[in-house]
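In: Got a sequence here, can you model it:
(chains A and B)
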Amino acid sequence: MTSDYKPGEIEPKWQKKWEEDGLYQADVDESKKKFYALTMLPYPSGDFHIGHWYVTAPSDARARFKRMQGYNVMFPMGFDAFGLPAENAAIKRKTHPQKWTYGNIGRMRSQLRSMGTMIDWRREAVSADPDYYRWTQWFFIQLYNNDLAYRKQSPVDWCPQCNTTLAREQVHGDDRHCERCGTQVIKKDLEQWFFKITNYADELLDFSQIDWPDRVKTLQTNWIGRSEGADVFFTTEDGEDLTVFTTRPDTLWGATFMVLAPEHPLVENITTPEQKQAVAAYQKEADNKTEIQRSTVEKEKSGVFTGSYAINPVNKARIPIWIADYVMMGYGYGAIMAVPAHDERDFDFARQFGLEIIPVIQPDGEQFDGETMPEAYVGPGSMINSDQFNGTKVTEQKGRKNPGLGTVIDWLEKEGTGQEAISYKLRDWLISRQRYWGAPIPMIHCDTCGWNTVPETDLPVLLPEEVEWLPTGESPLKLHPTWKDTTCPSCGEKAIRETDTMDTFMCSSWYHLRYLSPNFDQGPFDQKEYDYWMPVDIYTGGIEHATMHLIYTRFFHKALRDMGITEANEPMTQLRNQGMVLGEDGEKMSKSRGNVISPDDLVAAYGADTVRAYLMFFARWELGGPWNSQGITGTERWLNRTWALFTQPTKKGTASKELIRDLKREVHNALDRITRDYEQFEFNTIISTLMELMNVLYEAQRNGAAGSKAWTEILEIYTLMMAPAAPHISEELWTNVLGKPYSIHNQSWPEVDREMMKKDEVTLIVQVNGKLRDRIVVPVDINKEEAEKIALASEGAALYLEGKEVKKVIVVPGRLVNIVV
RNA sequence: GGGGCGGUGGCGGAAUUGGCAGACGCAGGGGACUUAAAAUCCCCCGGUUCACACCAUGUGGGUUCAAGUCCCACCCGCCCCA
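Out: Predicted coordinates for the structure are as follows:
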């Protein structure tokens, strides 16, 4: 039989058959080990782009590999369907976000099918379906009832022209203007809903139960930003309490001024009449800056004196209180004690405004002078200018373990002027969005009863479909004439619904649980499915979610555990991140740059197997890199050659025993490598190993290896090895060319035969002073003495040994001999 | 601003973790087949050199019999978050 390789014919054929046969349906089966392979669900913002393929295709290949290893593998897919882009598209195209979103989902489903994935479509979940967000709302209620959801004032970006709140991505430029009208955005305080993720800060720092990349663990650790130190109780001259957090209580004697965040509530009270104007002007200026702009270390410091003074509790020093935008309200208490001698930013500030600098830590052999120090000293040393603590050693250790800090904290606690404290950068999760296209927050407000949850029997709180799309940016839920009117579940009087919707990260915090039983209506998931499938065994997706989604979902899972809804401490035991596919110009792909690669075009031109294999081959998966459209011809040729090798008529050859033995060794070596590479997510070398083996097979065929029984066995193993990467061609070759029973995807992964891998002979490397001088083929089990003898006698080495004294000979068994002269 | 990742031929990348640097592929060169082209097949392909050989893994040091790999300092590029 001979014909050309026609992926356009075989791929749809097998996709259809696999789906009809339910080949990849994964059901609870206690007799088999389970494997839950999860890939981050896509946002349906349009068509599937090459980046989606880059995470999905190799993840699918690995899930298939695990399946062949005998695991009961679940590989589900769904869509993160709520969110702002749909709302923007709705305004722009004068359509409904639902229509736009579900249209995109329909196209993306067929694209995923064209890839030949082993997705079990019965398990699909779409976060914008009422059956889904019913349970998102249910989770909100559980969090609220367990005191993990609360309401407080928080600033939002507000466009005074459009009279609406803006999402972060709608604020543009350094001057922070509204994307719609260009007006400068201001901050406005609104009552909003929060989740108490900070309750879990310490537990989230513990990664001991999960195999996640160090990068992600570091990013999360820094995001949580745990600092050990002390709260110190200052007072103003007028007797107002003013507590600050500091990581350096040992430097309290060097505090020469205080700085409050411009928005600190105390500022109004303490500002003296003559400073009022300057302070108000400064506050307004600070309002227009982002936190990044404010926290930049190198920029010129700005600030204004309030006119008031504070009393340092340790030495009763009277120190001026300033406001400056480098102090943020959200961190600590929004107030700091400034120790210019030992803090970089305080130092810059003091120099700029001529404030006093008193060194209180000094390393041996140094003599600091506040007038002349060129920069802040942040290293270890001994305390000076600090009354009874002079001479106490301060190391670089954090927290109480540092002898200097420990001693001072003990004393503060005894005096009642301070106490040990831990501060976090992590803030509670703001989940309110003043938007339409999200899950409505299931809360009702009544003037007499206050806030009440929507009764569970009334869930889901459906989004009204008839809404007006005014290009104001204001939420149509607010503008809807009747939707928000309801009755109080507690007293039955007239009440108002919450018109905010939930952050979409709330929807994606639990989608892996909805996949377990997407049609279950007695709860968010079926306990039987949970007990079998959870936790997720491998989670793949982009590094950009390291601190948002991946922290939220861990928090969410721990909160569910504490509410008795789930058991596990962590939702996903293993995480791996892929890199990014860049355009051919090395830039990020974007429509405006015109460097976008369409996977559909590639599939039409080369077939899905070639595209899948090339995505695995062209770069290191965790790094990604620029696309090269010429390179794909390499994988195309590989599959063509594979097809030809299997289908071209060959004469039965007369192969030597050695040739067959060598071939078997090559096959088992490749199998060993590919098995290891799949385990380690090294997809590029899986394909290169298969290519290498293909070249070996061609050469062996020329040398007469074809036609024998051993040859057929070798082809079978080869086909099995390429099945996860190129599922369609493998199925065709297995079923219709080799005539083996359908389906290759129900076969077991071949066993590595270590005996087969063994060699009789190896090439011994002979070096003189580390330089290669000869290669000699020797028996594999040659002993040290023998190897040394052969090396010393070798022709190549002889030239360099003449007249030299051999000082030392190093023998690495089976590898090399290095002669030192 | 903070954090992270990386730097190996013209290009993407290998190198079983300290032991033959450049596997596999792209591009390029040569040849076979063909009226011709495409496809396919075979050979060559880091630099200097006729060659022997020497030099080469961002730069400079160090450790070692042996360094792309380990240590120190520096330079450059990219990415992420806010």
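In: Can you get me a residue count around residue A:486?
Out: Neighbourhood size, residue A:486 [other Cβ atoms under 10 Å]: 17. Backbone N, C-alpha and C define where each C-beta goes, glycine included.
In: Sketch out the low-pLDDT regions of the stretch 201-350 of chain A for me.
Out: A:288-300 (pLDDT under 70).
In: That one: helices as residue ranges?
Out: Secondary structure of the stretch 201-350 of chain A (DSSP state H, counting those that start in this stretch): helices located at A:201-204, A:214-224, A:266-270, A:276-287, A:291-295, A:344-353.
In: taking the ones you listed together, which one is wrapped up most tightly?
Out: Among the helices of the stretch 201-350 of chain A, ranked by average contacts under mean count of other Cβ atoms under 10 Å, first place goes to helix A:344-353 (a mean of 19).
In: Any part of it near RNA strand B?
Out: No: for a cut-off given as Cβ under 7 Å from any atom of the strand, helix A:344-353 has no contacts with RNA strand B; the smallest distance is 8.6 Å.
In: cool, stretch A:251-268 as well?
Out: No: counting by Cβ under 7 Å from any atom of the strand, RNA strand B has no neighbours in stretch A:251-268; the shortest distance is 14.7 Å.
In: any idea how far the residue nearest to residue A:340 when sequence neighbours are not counted lies from residue A:672?
Out: Excluding the flanking residues, the one nearest residue A:340 by Cβ to Cβ, 6 or more residues apart in numbering is residue A:350, at 3.6 Å. Distance, residue A:350 to residue A:672, using Cβ to Cβ, to the nearest Å: 65 Å.
In: where in chain A is pLDDT low?
Out: A:1-3, A:167-170, A:173-174, A:180, A:288-300, A:470-474, A:651-653.
In: Just the buried residues of the longest helix anywhere in it, please?
Out: In chain A, with assignment by DSSP state H, the single longest helix is helix A:657-679. Residues A:659-660, A:662-675, A:677-678 are the ones in helix A:657-679 that count as buried (16 or more other Cβ atoms under 10 Å).
In: Isn't residue A:742 up against residue A:735?
Out: Yes: between residue A:742 and residue A:735 there is a contact at 4.9 Å, judged by Cβ atoms under 8 Å.
In: Give the other helices and strands that the longest helix of chain A contacts.
Out: Under the contact criterion of 3 or more Cβ pairs under 8 Å, 6 or more residues apart in numbering; DSSP states H and E, helix A:657-679 touches helix A:50-68, helix A:683-702, helix A:709-722, helix A:754-757.
In: Mean neighbour count, those: which tops it?
Out: Highest mean neighbour count among the helices and strands packed on helix A:657-679 (mean count of other Cβ under 10 Å): helix A:50-68, with a mean of 24.
In: Whatever helix or strand comes next after it pairs with which strands, and in what direction?
Out: Using DSSP states H and E, the helix or strand that follows helix A:50-68 in sequence is strand A:72-74. Strand A:72-74 has the following strand partners under DSSP bridges: strand A:34-39 (parallel).
In: Touching the partner strand from outside, list them.
Out: For strand A:34-39, contacts defined as Cβ atoms under 8 Å, 6 or more residues apart in numbering pick out A:55-56, A:59, A:62-63, A:66-67, A:71-77, A:512, A:515, A:532-541, A:572.
In: hmm, try it at 6 Å
Out: With Cβ atoms under 6 Å, 6 or more residues apart in numbering as the test, strand A:34-39 has contacts from A:55-56, A:59, A:63, A:66, A:71-75, A:512, A:532-533, A:536-540.
In: do the same with stretch A:489-501
Out: Contacts with stretch A:489-501, where a contact means Cβ under 6 Å, 6+ apart, come from A:432-435, A:438-441, A:443-446, A:448-449, A:452, A:455, A:477-478, A:484, A:486-488.
In: And the residue of chain A that's closest to RNA strand B?
Out: Going by Cβ to the nearest atom of the strand, RNA strand B is nearest to residue A:634 of chain A, at 2.2 Å.
In: List the contacts of the residue nearest the centre of chain A.
Out: Nearest to the mean C-alpha position of chain A, counting by Cα atoms, centre = their mean, stands residue A:546 at 3.0 Å. Residue A:546 makes contacts with A:216, A:219, as judged by Cβ under 6 Å, 6+ apart.
In: Tell me how far it lies from residue A:553.
Out: Taking Cβ to Cβ, one finds residue A:546 at 12 Å from residue A:553.
In: what do you get for residue A:649?
Out: Remark: distance between residue A:649 and residue A:553 (Cβ to Cβ) = 56 Å.
In: Could you do residue A:410 as well?
Out: Residue A:410 is 40 Å from residue A:553, where distance means Cβ to Cβ.
In: Between those two, tell me which one has more neighbours.
Out: The residue with more neighbours, out of residue A:410 and residue A:553, is residue A:553; 23 against 12, by other Cβ under 10 Å.
In: from what I can see that one touches residue A:509, true?
Out: Yes: with contact defined as Cβ atoms under 6 Å, residue A:553 reaches residue A:509; the gap is 4.7 Å.
In: what would the helices and strands packed on helix A:657-679 look like in JSON lines with distance to RNA strand B?
Out: Below are the helices and strands packed on helix A:657-679 laid out as JSON lines (distance: least, Cβ to the nearest atom of the strand, whole Å):
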{"stretch": "helix A:50-68", "distance to RNA strand B": "11"}
{"stretch": "helix A:683-702", "distance to RNA strand B": "3"}
{"stretch": "helix A:709-722", "distance to RNA strand B": "13"}
{"stretch": "helix A:754-757", "distance to RNA strand B": "10"}
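In: so which of these gets nearest residue A:155?
Out: Nearest to residue A:155, of all the helices and strands packed on helix A:657-679, is helix A:50-68, at 33.6 Å by Cβ to Cβ.
In: Show residues contacting that closest one.
Out: Helix A:50-68 has contacts (Cβ under 6 Å, 6+ apart) with A:35, A:37, A:39, A:42, A:73, A:75, A:117-118, A:540, A:578, A:581, A:597, A:599, A:612, A:615-616, A:621, A:678, A:683, A:724-725, A:749.
In: Recalculate using a threshold of 7 Å.
Out: A:35, A:37, A:39, A:42, A:73, A:75, A:115, A:117-118, A:540-542, A:578, A:580-581, A:597, A:599, A:611-612, A:615-616, A:621, A:624, A:678, A:683, A:723-725, A:727, A:745, A:747-749 (Cβ atoms under 7 Å, 6 or more residues apart in numbering).
In: From these, list the buried ones, please.
Out: A:35, A:37, A:39, A:42, A:73, A:75, A:115, A:117-118, A:540-542, A:578, A:580-581, A:597, A:599, A:611-612, A:615-616, A:621, A:624, A:678, A:683, A:723-725, A:727, A:745, A:747, A:749.
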